[in-house]
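Chemist: Below are the sequence and a predicted model; questions follow.
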Amino acid sequence: MTGTVRTRIAPSPTGFLHLGTARTALYSWAYARHHGGEFVLRIEDTDVARSTQDSTDQILASMQWLGLDYDEGPIYQMQRLARYQEVIAQMLAAGTAYHCYCTPAELEEMREAQRARGEKTLYDRRWRPAAGKVLPPVPEGVPPVVRFCNPPEGDVTWNDLVKGEITINNREIDDLIILRPDGVPTYNFAVVVDDWDMAITHVFRGDEHINNTPWQINIFRALGAALPQFGHVPVILGDDGQKLSKRRGAVSVTAYEDNGYLPEAMLNYLARLGWSHGDEELFTREQMVSWFDGSHLSKSPAQWDAAKLAWVNAQYMKAKPDDALAPLVAAQLKKRGIEVDGRLPSICALFKDRCDTTVVLADWAAGFYGDVTVKEVDRAQHLTDAVKPAVAALADKLADVTWDKASIAAAIKEVLATQGLKMPALAMPVRVLVLGTPQTPSLDAVLALFSRETVLTRLRDL
Ligand code: GLU
């Protein structure tokens, strides 16, 4: 490949960073990194009514959380209005764009008539200049829009990096509006000027944009600009087979951060959702970068699989060093008003194997930092009269042993022997009293992470 590969992600700040956009950002980023190229972040904020600073902040925070670092940006389209207007002026002069003075009412009338004739509703080009054509008189007080002179005939064909060859006939599309009366450009125009100015070589984006691409290609050509390659990535479907949307569960990157997923697990899962490298399910960012050459992108929609994501996250949690996991769990606990201490890495070590999110790990850890509620059903099932004396005996024993795992283990063994009990018979009620659940990792290890005082208080709550 010659020249520098330059990719971009261009979210609109009309909400959080959607999982689909995050995945496209990942593909664009990985493609640039794979080729030693550059990745640009552009904020497409021309929908002034719906764009917010809060959304921009959230998008930037999510990009950072995912570790998708960019070489340029964020570039804001609203700061580039003068540039768009400059290009518009050139196009008007070159005759590749023109003013249109149709009012909304006229356009509606035009569409009405087309519908009545059973035709596709397309702008009829009444303001488009042509040799020998007499244009309507310019009406008073109607601010014009600028429309692009789309070629009326012929095919637009491109070799899509994901979908292969795509052809759309120009008769299917009309002379789209490229500049609104308020001087703000529309998406299809601004995106072309930007991709041109920013020397973007590869555009990955959601396949909902396929119908926009012919317009964009025609505008690139009208400007004499080099075309980037396009790759349209299929949508992500929810587990009900419908497009993944807010109504069907969490779709923002932020929600997954809040819900205890690790960014490296998210990246791994998102990467696999629509792309593969052999049978590899778990891989590092570095591996993805070395493998991601734009091939093996799936042509068909991917299905969101919450259970698989949880599995991937669990694998990453297991592999994460306890010292690195602890601050994430501490952040979760902080939200619940719980301050942690130096025990947290050891608590993580003991419990992380049974957790698929840091939220679940925080649930376990919370038992070490606050009160534990013993459910009546557990009490009834595990704290039988038969076992209570053994629990009391254990409490007495633990009152004066050295407070470490080995001595606690010895004390438990001794009580089992003197009471003639098997381990589960004593361990279950003790776990219920100490952590509020009969299932925990090894009892001596769990107890050693509490203070003696807490254990005795909880065991004596018989
Ligand atoms: N702002 C557009 C979007 O968020 C960008 C599409 C594109 O990448 O061209 O869908």
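Modeler: Perfect, I can see it now. Residues are numbered from 1 along each chain as shown.

Chemist: Nearest to the ligand: which residue in the stretch 51-200 of the chain?
Modeler: In the stretch 51-200 of the chain, the residue that lies nearest the ligand is residue 191 (4.8 Å; C-beta to the nearest ligand atom). (Each C-beta comes from the backbone N, C-alpha and C, glycine too.)

Chemist: sorry, that was for the stretch 301-450 of the chain
Modeler: residue 301 (16.7 Å).

Chemist: what are the phi and psi angles of the closest residue in space to that residue that isn't next to it in sequence?
Modeler: Excluding the flanking residues, the one nearest residue 301 by C-beta to C-beta, 6 or more residues apart in numbering is residue 234, at 4.4 Å. Per-residue torsions, residue 234: phi -60, psi 160 (degrees, to the nearest 10).

Chemist: my read: residue 234 touches residue 275, true?
Modeler: No: counting by C-beta atoms under 8 Å, residue 234 does not reach residue 275; the two are 10.9 Å apart.

Chemist: Looking at these two, which has the bigger crowd around it?
Modeler: Set residue 234 next to residue 275 and count neighbours by other C-beta atoms under 10 Å: residue 275 wins out with 22 against 18.

Chemist: what sits against the closest residue to that one other than its chain neighbours?
Modeler: Spatial nearest neighbour of residue 275, excluding adjacent residues (C-beta to C-beta, 6+ apart): residue 297 at 5.2 Å. Going by C-beta atoms under 8 Å, 6 or more residues apart in numbering, residue 297 touches 27, 161, 162, 231, 233, 274, 275.

Chemist: how many neighbours does the second one have?
Modeler: Think residue 161. For residue 161, using other C-beta under 10 Å, the count is 19.

Chemist: That one reaches residue 205, doesn't it?
Modeler: No: assessed by C-beta under 8 Å, residue 161 is found out of contact with residue 205, at 10.8 Å.

Chemist: So which residues on this protein come close to the ligand?
Modeler: Contacts of the chain with the ligand, taken as C-beta under 6 Å from any ligand atom, map to 10, 11, 12, 44, 191, 205, 209.

Chemist: The residues you listed in helices, which ones?
Modeler: residue 191 (DSSP state H).

Chemist: returning to that earlier point: skipping its backbone neighbours, what lies nearest the residue of the stretch 51-200 of the chain closest to the ligand in space?
Modeler: Distances taken as C-beta to C-beta, 6+ apart put residue 216 closest to residue 191, at 6.3 Å, once the chain neighbours are dropped.

Chemist: Quick check: pLDDT value at that neighbour.
Modeler: Reading off the confidence values, residue 216 has pLDDT 98.

Chemist: how many other residues sit next to it?
Modeler: When neighbours are counted by other C-beta under 10 Å, residue 216 comes out with 22.

Chemist: ditto for the one 3 residues further on
Modeler: A total of 25 residues lie near residue 219 under the criterion other C-beta under 10 Å.

Chemist: All further residue positions should be reported with the first residue as 22.
Modeler: In the new numbering, first residue 22, that becomes residue 240.

Chemist: Which residue, other than its chain neighbours, is closest to it?
Modeler: Excluding the flanking residues, the one nearest residue 240 by C-beta to C-beta, 6+ apart is residue 213, at 4.4 Å.

Chemist: any shared contact partners between residue 255 and residue 296?
Modeler: Counting by C-beta under 8 Å, 6+ apart, the residues touching both residue 255 and residue 296 are residue 319.

Chemist: related to what we said a few turns ago, how about the residue nearest to residue 240, what does it touch?
Modeler: 237, 240, 241, 244, 246 are the contacts of residue 213 under C-beta under 8 Å, 6+ apart.

Chemist: From residue 391, how far off is it?
Modeler: Distance of residue 213 to residue 391, computed by C-beta to C-beta, to the nearest Å: 57 Å.

Chemist: returning to what we had before: just to check, the residue of the stretch 72-221 of the chain closest to the ligand is in contact with residue 67?
Modeler: No: look at residue 212 against residue 67 with C-beta under 8 Å: they stay out of range, at 9.6 Å.

Chemist: ok, which stretches of the chain are strands?
Modeler: Here the chain has its strands, by DSSP state E, at 27-30, 59-64, 93-97, 118-121, 166-169, 176-181, 185-190, 198-200, 223-227, 250-254, 257-258, 323-324.

Chemist: Point out the most buried one among those.
Modeler: Highest mean neighbour count among the strands of the chain (mean count of other C-beta atoms under 10 Å): strand 27-30, with a mean of 26.

Chemist: Which strands or helices does that strand pack on?
Modeler: Under the contact definition 3 or more C-beta pairs under 8 Å, 6 or more residues apart in numbering; DSSP states H and E, strand 27-30 sits against helix 40-55, strand 59-64, strand 223-227.

Chemist: can you tell which of these is closest to residue 449?
Modeler: helix 40-55 (41.0 Å; C-beta to C-beta).

Chemist: can you give me the offset of stretch 216-228 from its chain's centre?
Modeler: 20 Å (C-alpha atoms, centre = their mean, to the nearest Å).

Chemist: For that stretch, C-alpha coordinates in CSV please.
Modeler: Provided in CSV are the C-alpha atoms of stretch 216-228 (Å, rounded to 0.1, in the frame of the first residue of the first chain):
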residue,chain,number,x,y,z
ASP,A,216,-12.7,13.4,4.5
TRP,A,217,-11.0,15.2,1.6
ASP,A,218,-9.3,17.9,3.7
MET,A,219,-8.3,15.3,6.3
ALA,A,220,-6.8,13.0,3.6
ILE,A,221,-8.9,10.1,4.8
THR,A,222,-8.0,7.0,2.9
HIS,A,223,-10.4,4.4,4.4
VAL,A,224,-13.9,5.1,5.7
PHE,A,225,-15.4,2.4,7.9
ARG,A,226,-19.0,3.1,9.0
GLY,A,227,-22.3,1.5,9.7
ASP,A,228,-24.2,0.1,6.7
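
Chemist: For that stretch, what does the pLDDT average out to?
Modeler: Here stretch 216-228 scores 98 as its mean pLDDT.

Chemist: And the contacts of it?
Modeler: With C-beta under 8 Å, 6+ apart as the test, stretch 216-228 has contacts from 24-29, 31, 41-42, 45, 48-49, 52-53, 58, 61, 63, 93, 96, 104, 182-184, 215, 237, 241, 244, 246-247, 249-256, 315.

Chemist: Pass me the low-pLDDT residue ranges in the stretch 222-371 of the chain, would you?
Modeler: 268-270 (pLDDT under 70).

Chemist: got the contact list for residue 96?
Modeler: Residue 96 makes contacts with 61, 62, 63, 64, 215, 219, as judged by C-beta under 8 Å, 6+ apart.

Chemist: what's the pLDDT at it?
Modeler: Among the per-residue scores, residue 96 holds a pLDDT of 98.
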